[in-house]
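my questions are about this predicted structure, shown below with the sequence.
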Amino acid sequence: NRFVGLKDAQLGTLKIGKHDTPVKQLSSVVDTFNNYVANKADITGIFTGENRIDNAVIYESPAVKLLDGEFKFNALLATGESSGIKATSGGAKVAGRGLGDAWSASVTYENPLFVAGLGYDKAIPSTFLGQGFLNAAEPAITGGSVFAAANTVRAIGKVTPIDGLALKALYQTSEVEETTYSDSADATKWAAKAKNIDDTQGWLLGAEYNIPQAKNWTVKGQYSQNDTSFKDNTADYKAKQIIAGADYAFNKQVKTYGYAGYLTLEQASKKDKQPVAGLGLEFKF
């Protein structure tokens, strides 16, 4: 995210710049493998709704204490580009001619036992028919991913029933919003394929456990799936990812981690499968 803004303890925070949508920010609560494997082992690889928008105004409310917890509200209004939607470096521009032609909002509630959130994207450019891990032969199945404006509803929840254990879930649905494209070699192809998409249904289940007898160790696992249906007789496209791993924290700034996962892409009789595994070292400074 790149932005400038003002922050006030009572009024909240106002930002202007290139920023993740509130819907995308919801996933950081539950996506255990967020940003692993060039952002493809997390849900960005197969879900819509994982978007960073150019030329946006963002409002983040202060926490409102209620019901033994805190409510927060976030909203993003995007400045429309008359030329149509466009993928940019690390983000996207929306269509329309004014502020708020595309927007995103979310509300979250958090207390010591659980976190719940609900978000909505309106006409936010997103990737449909995602391919997951880096080397998947997805074009051989669907003919390639589709970039289109999306209306997405996302709900998330995280429960911590005992100390050290977090159980996580996400459900979302997306539809294509009819819109215009800026000049692009792929625009005509994207527009034709986007019109045939009926909707997508995505969900995630995950768990993370910090071992009480060995506080430096955390084990975790996650399954995510996104199904895309079409308006014609095309078979549904199914993308599935399962991944597990463990972290070892040397201190609050340094950890090492390992993971292994498996991706399956299916459409009728066509199928592609890919394993992935890796080791990493993370240093926060």
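Good, I have the coordinates. Residues are numbered from 1 along each chain as shown.

tell me where the model's unsure across this structure.
Low-confidence segments of the chain, defined by pLDDT under 70, are located at 134-140, 183.

pick out the residue closest to the middle of it.
Glu50 (3.3 Å; C-alpha atoms, centre = their mean).

and for that residue, nearest residue in space, chain neighbours not counted?
Once flanking residues are discounted, Glu50 sits nearest to Thr44: 4.1 Å by C-beta to C-beta, 6 or more residues apart in numbering. In short, each C-beta sits where N, CA and C put it, glycine included.

need the three-state assignment for the residue of the chain most remote from its centre.
Relative to the mean C-alpha coordinate of the chain, counting by C-alpha atoms, centre = their mean, the farthest residue is Gln213 (33.2 Å). Taking DSSP: H, G, I helix; E, B strand; the rest coil as the rule, one finds Gln213 in the coil state.

just checking, the residue nearest to Glu50 touches Ala38?
No - contact between Thr44 and Ala38 fails when scored by C-beta atoms under 8 Å: they sit 9.3 Å apart.

out of these two, which sits in the busier spot?
The neighbour count for Thr44 versus Ala38, taken as other C-beta atoms under 10 Å, is higher for Thr44 (22 against 11).

in space, what's closest to Ser229 - neighbours in sequence excluded?
Leaving aside its chain neighbours, Ser229 sits nearest to Asp198 (4.4 Å; criterion: C-beta to C-beta, 6+ apart).

how close does that neighbour sit to Asp186?
Remark: distance between Asp198 and Asp186 (C-beta to C-beta, to the nearest Å) = 21 Å.

wait, is the residue nearest to the centre of the chain part of a helix?
No - under three-state DSSP, Glu50 falls outside any helix and is assigned coil.

and it, what does it touch?
Residues counted as contacts of Glu50 (C-beta atoms under 8 Å, 6 or more residues apart in numbering) are Lys24, Ser27, Asn39, Ile43, Thr44, Ser126, Thr127.

swap in Ile58?
For Ile58, the contact set (C-beta under 8 Å, 6+ apart) comprises Phe3, Gly5, Thr13, Leu14, Lys15, Ile16, Gly17, His19, Asn74, Ala75, Leu76, Leu77.
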